[in-house]
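>>> Model the structure of this input:
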Amino acid sequence: MNNKHTSDEPDVIRVIIDELKKVDEEGRERIIRYISDYFGLGITNGSRPTSSQQRNLVNASPDDRQPTFTDRAFLSPKEFIHEKQPHTGVERVACLAYYLAHFRDTPHFQTIDISKLNTEAAQLKFANAANSVSNAVESGLLVPAGKGKKQISAVGERFVDALPDREDAKAVLSRMRKRRSRKKPRNTKKARQVTK
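Residues are numbered from 1 along each chain as shown. Down below sits the predicted model:
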């Protein structure tokens, strides 16, 4: 056994604790669970520590807290999809895109990333993943991110946040459609006359 690894552990622990002080309580749990999942340590499904245990662990004060990317605790892809209950392929794509952005630090992705995450989430295979992604773009839930990649749109984020409440999710889409219909078409007869 290499004693060098053992002797480094206190320093690594200090660095981790110092870094965890920079995020809020939910952020700490999410980070710890993500790291555990990443290294396959099998401790992410244990009982959640209480707030006081977490505070004692990192000795953080409320002044040290900074906002994090998302306020939710870490969920596996399977848990997240189960929680959101998407009804269509397009909705599932939006949920997977949200998961990539919020839980995998992958805001820009390709169709293959969606397909792989779909498999990891133990979902039925898409009949045509590229088609489902294109339909999600058409519906406004995803937008192009350059170099052939996509990202979840602001409307898409609000839509997924609203799920599984179908009424709230429909309301998000309804507001988006109203905004789109208010925009004047660029190539109207009147617009062409003005430019002459």
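>>> can we go C-alpha only for contacts and neighbour counts from here?
Noted.
>>> Let me know the average pLDDT across stretch 81-94.
Mean pLDDT, stretch 81-94: 97.
>>> same question but for stretch 160-167, I mixed them up
Mean predicted lDDT for stretch 160-167 stands at 94.
>>> Next: stretch 20-29.
81.
>>> Any buried residues in that stretch, and which?
For stretch 20-29, burial by neighbour count (16 or more other C-alpha atoms under 10 Å) applies to Leu20, Lys21, Lys22, Val23, Asp24, Glu25, Glu26, Gly27, Arg28, Glu29.
>>> Check stretch 168-181 too.
Applying 16+ other C-alpha under 10 Å to stretch 168-181 flags Asp168, Ala169, Val172, Leu173 as buried.
>>> Dump these into JSON lines; add distance to Ser36 and secondary structure as well.
JSON lines is the format used below for the buried residues of stretch 168-181 (distance: C-alpha to C-alpha, whole Å; DSSP: H, G, I helix; E, B strand; the rest coil):
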{"residue": "Asp168", "distance to Ser36": "34", "secondary structure": "helix"}
{"residue": "Ala169", "distance to Ser36": "33", "secondary structure": "helix"}
{"residue": "Val172", "distance to Ser36": "35", "secondary structure": "helix"}
{"residue": "Leu173", "distance to Ser36": "36", "secondary structure": "helix"}
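>>> still on that earlier bit, which of the buried residues of stretch 20-29 lies at the shortest distance from Thr119?
Glu29 (25.0 Å; C-alpha to C-alpha).
>>> you'd agree that closest one is up against Phe74?
Yes - Glu29 is within contact range of Phe74, at 7.1 Å (criterion: C-alpha atoms under 8 Å).
>>> Check the buried residues of stretch 20-29 and tell me the two furthest apart.
Lys22 and Glu29 (12.7 Å).
>>> Which phi and psi values does Gly146 adopt?
phi 90, psi 150 (degrees, to the nearest 10).
>>> Any figure for the gap between it and Lys116?
Gly146 sits 21 Å away from Lys116, taking C-alpha to C-alpha, to the nearest Å as the criterion.
>>> Then Tyr34?
Remark: distance between Tyr34 and Lys116 (C-alpha to C-alpha) = 18 Å.
>>> nearest to Leu141, of the buried residues of stretch 168-181?
Closest to Leu141, out of all of these and judged by C-alpha to C-alpha, is Leu173, at 8.9 Å.
>>> So which of Tyr34 and Lys116 has more stuff around it?
Tyr34 (19 against 13; other C-alpha atoms under 10 Å).
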